[in-house]
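J.: No letters, just coordinates:
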């Protein structure tokens, strides 16, 4: 009989813990607990935490993804560094980048996938690598686009670790706003 009491008490305490933690996080951290969703008007267009593919020449492109940014399948290809498949993948993404970005040398993060395959960020230098293409396809001033990148970029962690990064979806939304603003004037 005592083991049934222990099981019952454990079940009750677990339920109380789960309900209280979900309730508190939903109240105090509503945006984060609901997926950090980004909206345009009433429509959800993405998440701040999950990358998506951009193929138009007028927008910044994200890192390649082995799973085509499907959030139900997280992970990279897991090819070893001497694998022929990985070499072929890197070569094809390298050639594709060079052909669409006027023979510029790409940053490594623009031709290699992230560990999750869903990374929504590129480096600051990766974003500036794409300015020439965006400027020439849209007719926008390069300095104007670089200002957007600077505004959208996040600094290194504690000023020391990692690189400056840019969320591609947020940057493309700012870029879309720039296009809309310029077309109105």
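T.: Nice, thanks for sending it over. Bear in mind that the values here come from a model prediction, so they are computed numbers and not experimental data. Residues are numbered from 1 along each chain as shown.
J.: shaky segments in this structure?
T.: Along the chain, the parts satisfying pLDDT under 70 run over 1, 75, 181-185.
J.: Strands along the chain, start to end?
T.: 37-40, 43-47, 121-123, 153-154, 165-167 (DSSP state E).
J.: Could I get those in a markdown table, plus columns for mean neighbour count?
T.: (Each C-beta comes from the backbone N, C-alpha and C, glycine too.) A markdown table is the format used below for these (neighbours: other C-beta atoms under 10 Å):
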| stretch | mean neighbour count |
| --- | --- |
| strand 37-40 | 12 |
| strand 43-47 | 14 |
| strand 121-123 | 24 |
| strand 153-154 | 16 |
| strand 165-167 | 22 |
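J.: closest to residue 85 out of these?
T.: strand 121-123 (23.3 Å; C-beta to C-beta).
J.: Now do the closest one: distance to the chain's middle.
T.: The chain centre lies 7 Å from the centre of strand 121-123; the measure is C-alpha atoms, centre = their mean, to the nearest Å.
J.: returning to what we had before: nearest to residue 76 among the strands of the chain would be which one?
T.: Of all these, strand 121-123 sits nearest to residue 76, with 15.2 Å by C-beta to C-beta.
J.: name the helices or strands packed onto that closest one?
T.: With contacts taken as 3 or more C-beta pairs under 8 Å, 6 or more residues apart in numbering; DSSP states H and E, strand 121-123 sits against strand 165-167.
J.: in its sheet, what does the strand it packs on sit against?
T.: Partner strands for strand 165-167, per DSSP bridges, with pairing direction: strand 121-123 (antiparallel), strand 153-154 (antiparallel).
J.: what sits up against the last one?
T.: Applying C-beta atoms under 8 Å, 6 or more residues apart in numbering, the contact partners of strand 153-154 are 124, 127, 164, 165, 166, 167.
J.: Check whether the first one really touches residue 167, as I assumed.
T.: What that stands for is residue 124. No. With contacts counted by C-beta atoms under 8 Å, residue 124 stays clear of residue 167, the gap being 11.5 Å.
J.: Spatially central, which residue of this protein would that be?
T.: residue 120 (0.7 Å; C-alpha atoms, centre = their mean).
J.: That one: what's it in contact with?
T.: With contact set as C-beta under 8 Å, 6+ apart, residue 120 has these partners: 47, 48, 49, 50, 51, 52, 62, 167, 168, 169.
J.: redo that, cut-off 10 Å
T.: Contact analysis of residue 120 by C-beta atoms under 10 Å, 6 or more residues apart in numbering lists 36, 46-52, 62-63, 69, 114, 165-170.
J.: ok, now residue 79?
T.: By C-beta under 10 Å, 6+ apart, the contact set of residue 79 is 66, 85, 86, 87, 88, 89, 90, 113.
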